[in-house]
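> give me the fold of what follows.
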Amino acid sequence: PPPRDAAEGRTVFSGTGGAGATRVGERLAGMPLTLFSDPARPGLECAPFVAAGAPGRRVTAFDNGQPLGRTEWISQGRLASLPQTRRSAELTGLPLTPHIDNLVLEAEGGTATLEEMAAQTERGLLLTCLWYVREVDPQSLLLTGLTRDGVYLVEDGEVVGAVNNFRFNESPVSLLDRAAQAGATVPTLGREIGDDFPRTAMPPLRIPDFNMSTVSQAS
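The predicted structure follows:
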């Protein structure tokens, strides 16, 4: 989110303790999940300093040259940091934690491959891609979007066939809270933002009761 939005009560990370309150320190995930950015991450290296080409709400030219190191956004399931420019950190009292051009999600003990997780599944859907994702409600981070590029039915540990696409309605914050298993982290390219933000690595996640709202005709 833009640096000041949570402190001003406009996002899912806003706190309930009055003006300026955020959810930093609160548990968001039951599993020991850590979401972080690190300019030195092997294979996902990016600039180790702020490089702002133009002023904006997320990155400001006044922070140009600010050194960047590993920043944990979620640490062992707890919200640890929110993006902050020098100015927003001064206003909110939060540490200076600028935007970094990569993102990694890891689960402590997460070593299973996608194939191994499918083999452990009695019945479920294997999703390979979500796209046309749009924000519905910023205060819950409710998103809507479509599946694409393969939705497969898994029964008794085997992929038994392809099924239709769906429209979904879910909040990634809720998904983190409900995640029941996470596998090994691997390089991952975002479908819609991959050209602008290609340096990501994510694990496969097992999510009970993922909300598929309707069948989609997308192909």
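
> wait, a strand at residue 72?
Yes: assessed with DSSP: H, G, I helix; E, B strand; the rest coil, residue 72 lies in a strand.

> okay, buried residues for the lengthiest strand in the chain please.
The longest strand of the chain (DSSP state E) is strand 130-137. Neighbour-count burial for strand 130-137 flags 130, 133 (criterion: 16 or more other Cβ atoms under 10 Å). Yep, even glycine has a C-beta here, placed from its N, CA and C like the rest.

> now the next helix or strand after that strand: how far from the chain's centre is it?
Next helix or strand after strand 130-137 toward the C-terminus (DSSP states H and E): strand 142-147. Chain-centre distance of strand 142-147: 14 Å, with Cα atoms, centre = their mean, to the nearest Å.

> immediately after strand 142-147, which helix or strand?
Following strand 142-147 in sequence order, the next helix or strand is strand 151-155 (DSSP H and E).

> what helices or strands is that following strand leaning on?
strand 123-127, strand 158-162 (3 or more Cβ pairs under 8 Å, 6 or more residues apart in numbering; DSSP states H and E).

> at 10 Å instead, please
helix 114-119, strand 123-127, strand 158-162 (3 or more Cβ pairs under 10 Å, 6 or more residues apart in numbering; DSSP states H and E).

> so what's the residue count around the closest residue to residue 70 other than its chain neighbours?
Nearest residue to residue 70 in three dimensions, chain neighbours excluded: residue 38, at 4.1 Å (Cβ to Cβ, 6 or more residues apart in numbering). Neighbour count for residue 38, taken as other Cβ atoms under 10 Å: 19.

> sorry, back to before: mean neighbour count and mean pLDDT added to the helices and strands packed on strand 151-155, as a markdown table?
Below are the helices and strands packed on strand 151-155 laid out as a markdown table (neighbours: other Cβ atoms under 10 Å; pLDDT from 0 to 100):
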| stretch | mean neighbour count | mean pLDDT |
| --- | --- | --- |
| helix 114-119 | 15 | 96 |
| strand 123-127 | 16 | 96 |
| strand 158-162 | 12 | 96 |
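
> rewinding a little: how about residues contacting the longest strand of the chain?
Applying Cβ atoms under 10 Å, 6 or more residues apart in numbering, the set of residues contacting strand 130-137 from outside is 12, 141-149, 165-172, 190-193, 216, 218.

> mind doing that once more with 6 Å?
Strand 130-137 has contacts (Cβ atoms under 6 Å, 6 or more residues apart in numbering) with 142, 143, 144, 145, 146, 148, 191, 192.

> looking at it now, give me its mean pLDDT.
Per-region confidence: strand 130-137 scores 93 on mean pLDDT.

> same question for stretch 26-39.
97.

> now stretch 168-179
Stretch 168-179 comes out at a mean pLDDT of 96.

> list the buried residues of it.
Neighbour-count burial for stretch 168-179 flags 168, 170, 171, 173, 174, 175, 176, 178, 179 (criterion: 16+ other Cβ under 10 Å).

> which of these fall within strands?
168, 170.

> got the contact list for residue 24?
residue 79.

> about what we covered before: for residue 47, find the nearest of the helices and strands packed on strand 151-155.
helix 114-119 (31.0 Å; Cβ to Cβ).

> pull the residues that contact that closest one.
Counting by Cβ under 6 Å, 6+ apart, 154, 157, 183, 204 sit against helix 114-119.

> what about 7 Å?
With Cβ atoms under 7 Å, 6 or more residues apart in numbering as the test, helix 114-119 has contacts from 126, 154, 157, 159, 181, 183, 204, 206.
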